[in-house]
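>>> Sequence and predicted structure are below.
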Amino acid sequence: MKNEFKIHDIDSAPAASSERLASYKKQNGMIPNLFGVMAEAPGLLEGYQLLHQLFLNSSFDAEELTVVWQSINVEHNCTYCVPAHTAIAHSIKVDPALTEALRNQQPMPTEKLQVLQDTTLAMVRKRGELTEEEVNCFYSAGYGQQQLLEIILGLSQKVMSNYVNHVAGTPSDQVFQKFAWQKGQ
């Protein structure tokens, strides 16, 4: 049974989080429940938002960002983040076939994206202890050291959100509910 975590709004959030929530709402028209939960710990909310922006600004294109995010979300069985990142993928014009393949743990449409997914999952499952063969395969696919390190950046962001959602049982926002997801279904 989950603890009852408060989903803050601008008025109930600690002062250090309130401004961040207000700014996000002004830009996006809503405050995701994830941010409402994170607001209880202002440093967590700030860190998550910063990591999100840094990962968006990484060298990965929209498809690659989606592969990293969703591979981790699915591996971590995050029923909040998979729908949220499905909506994000649609908003950044990622092919819905790629999104569905990720959600359903099916092969990637290209060898390069498959290597990115395999490397991301190895990073998660092996806690960063990749073999020389795994790293060389990643490089042979056309990626470099920067992208290998950027997977760690994306993973850091996803650990924050996936784990918060697990401990808080964060309910899906209405806008994401049409993309509801359960592992293996």
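Sure thing, it's come through.

>>> All the helices of this protein, residue numbers only.
In the chain, the helices defined using DSSP state H lie at 15-28, 33-38, 42-56, 62-75, 81-91, 96-103, 111-125, 132-140, 145-168.

>>> Just say which of those helices is most tucked in.
helix 33-38 (a mean of 25; mean count of other C-beta atoms under 10 Å). (Glycine included, C-beta is placed from N, CA and C.)

>>> if we can go back for a sec, okay, the helices of the chain in JSON lines with mean pLDDT and distance to Gln182 next?
Formatted as JSON lines, the helices of the chain follow (pLDDT from 0 to 100; distance: least, C-beta to C-beta, whole Å):
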{"stretch": "helix 15-28", "mean pLDDT": "96", "distance to Gln182": "26"}
{"stretch": "helix 33-38", "mean pLDDT": "98", "distance to Gln182": "18"}
{"stretch": "helix 42-56", "mean pLDDT": "97", "distance to Gln182": "24"}
{"stretch": "helix 62-75", "mean pLDDT": "98", "distance to Gln182": "11"}
{"stretch": "helix 81-91", "mean pLDDT": "96", "distance to Gln182": "9"}
{"stretch": "helix 96-103", "mean pLDDT": "96", "distance to Gln182": "10"}
{"stretch": "helix 111-125", "mean pLDDT": "98", "distance to Gln182": "19"}
{"stretch": "helix 132-140", "mean pLDDT": "98", "distance to Gln182": "29"}
{"stretch": "helix 145-168", "mean pLDDT": "98", "distance to Gln182": "14"}
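
>>> Gln177 is nearest to which of those helices?
In terms of C-beta to C-beta, the element of those nearest to Gln177 is helix 81-91, at 7.1 Å.

>>> what's the angle between that closest one and helix 96-103?
With axes from the mean of the first three to the mean of the last three C-alpha atoms, to 10 degrees defining the directions, helix 81-91 sits at 170 degrees from helix 96-103.
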